[in-house]
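Novice: Provided below are the primary sequence and the corresponding predicted coordinates.
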Amino acid sequence: MLDLYKLRIFMAVVQEGSFRGAAERLYITQSAISQHIKDLETSLGRRLFERGWRGVSLTAHGELLHGYAQRIFDLVAEAENALTNLENLPEGKLSLGATPGVGIYLAPDWIGRFRSRYAQFSVSLQTGVTAQVVSDVLAQRLELGFVEGELEAHQHPRLGSCILQEVPQMVIVGEKHAWWTAESVRLEQLRDQPFIVRPPNSQSRIWLEQTLRAHGIEPHISAEFDNIESTKRAVAAGVCITILPRYVVQSEIGQGILRALPIAGDPLRRTLKLVWDQSAHFTPIARAFLETLREDYPRLAEVIGKA
């Protein structure tokens, strides 16, 4: 009889392309992965993988099992979603990832709304740059990811994404800046302005520099901070500017500490996106979390319906 646990390990090896990758994803030793696959092959009397120094590839019988395994786990997920009554579950956990702005200024409210209905479930939130969030989603260390970063450099056959909302990026200034009383600025006025930006590996930094250069503007970098709160405090205290979405500085605007100035023509826009591993079905808890966001982000209806 097929062992579902061993079958999940088999699927992880297929998706990662190696025993080592599957071991890292599943947090078990590589020797344990090898033994489980050996046991599975012995029980079936078939060789499932061709081993090579670059990893493994499926044999013809492995391909056959892979097709059946996908259908088996599709049915398991379908049954789980059809029969699970979340209100009666005593506990559960949801793991989320988000880029810093989303993780600090949007996700806490989302989680609060979700837990006001499902107080028995815990939610873990990990913040990181876009590349890290995508990597952890594909490794299934995170169930859902929310990013503002561009995904062109992170394309993967298993990566699903959905644009939830376009987010205008605004010029943020403190009261010492000459633009404090301005209503808006033009893009060309950003030339020679002292910028505070994210570190070079940040997708937001890469996006900003590429976008400004596309408009013939070479940004003048005065400081680099890996913390948004530090960036806001530095802008408030001096004459540097930064580029952020309005939701990041909403509290400081209310206190009269910072101002968010729109750029004429709205040329700087990014998108808030949901990312997930298409090979892993949404759990009932993940699906419920997305349902709580659907009123704010109607495009989630299509994602929930497909998964």
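Specialist: Structure received. Numbering: from 1, shown residues only.
Novice: neighbours of Ala178, how many?
Specialist: Applying the criterion other C-beta atoms under 10 Å, we find 8 residues in the vicinity of Ala178. C-beta coordinates here come from the backbone N, C-alpha and C atoms, glycine included.
Novice: quick check: the residue lying farthest from the centre of the chain vs His61, distance?
Specialist: Centroid-distance maximum for the chain: Gly45 at 40.6 Å, with C-alpha atoms, centre = their mean. Distance, Gly45 to His61, using C-beta to C-beta, to the nearest Å: 9 Å.
Novice: how about Gln126?
Specialist: Here the distance between Gln126 and His61 works out to 38 Å (C-beta to C-beta).
Novice: find me the pLDDT at the residue farthest from the centre of the chain, would you?
Specialist: Confidence per residue is given as pLDDT, and for Gly45 that number is 94.
Novice: over to Glu302?
Specialist: In this prediction, Glu302 has a pLDDT value of 90.
Novice: same check, this time on Leu261
Specialist: The per-residue pLDDT reported for Leu261 equals 97.
Novice: do the same with the one 3 residues further on
Specialist: pLDDT for Ala264: 94.
Novice: since we're on the nearest residue to it once chain neighbours are set aside, how many residues are nearby?
Specialist: Closest residue to Ala264 in three dimensions, ignoring its sequence neighbours and counting by C-beta to C-beta, 6 or more residues apart in numbering: Arg186, at 4.9 Å. Using other C-beta under 10 Å, the number of residues around Arg186 comes to 10.
Novice: touching, Arg186 and Leu261? I think so.
Specialist: No. Proximity of Arg186 to Leu261 does not meet the contact threshold set by C-beta atoms under 8 Å, at 10.4 Å.
Novice: hang on, Val167 in a strand?
Specialist: Yes. With DSSP: H, G, I helix; E, B strand; the rest coil as the criterion, Val167 is part of a strand.
Novice: how far away is it from Ile206?
Specialist: 17 Å.
Novice: before we move on, what about Asn85?
Specialist: 45 Å.
Novice: out of the two, which sits in the more crowded spot?
Specialist: With other C-beta under 10 Å as the criterion, Asn85 and Ile206 differ in neighbour count, and Ile206 comes out ahead with 17 against 7.
Novice: secondary structure class for that one?
Specialist: Ile206 is classified as helix under three-state DSSP.
Novice: what do you get for Ala280?
Specialist: Following three-state DSSP, the label given to Ala280 is coil.
Novice: against Val133, how distant is it?
Specialist: Ala280 is 15 Å from Val133, where distance means C-beta to C-beta.
Novice: ok, those two, which is more surrounded?
Specialist: Looking at Ala280 and Val133 with other C-beta under 10 Å, you find the greater number of neighbours at Val133, namely 27 against 19.
Novice: report all helices and strands that the helix or strand hosting the more buried one contacts.
Specialist: Using DSSP states H and E, Val133 falls within helix 130-138. Contacts defined by 3 or more C-beta pairs under 8 Å, 6 or more residues apart in numbering; DSSP states H and E place helix 130-138 against strand 92-98, strand 144-147, strand 159-174, strand 269-277.
Novice: tell me who's in contact with the residue most central in space within the chain.
Specialist: Per C-alpha atoms, centre = their mean, the C-alpha nearest to the average position across the chain is that of Gly145, at 2.7 Å. With contact taken as C-beta atoms under 8 Å, 6 or more residues apart in numbering, Gly145 is in contact with Leu96, Gly97, Ala98, Val133, Val134, Asp136, Val137, Leu274, Val275, Trp276.
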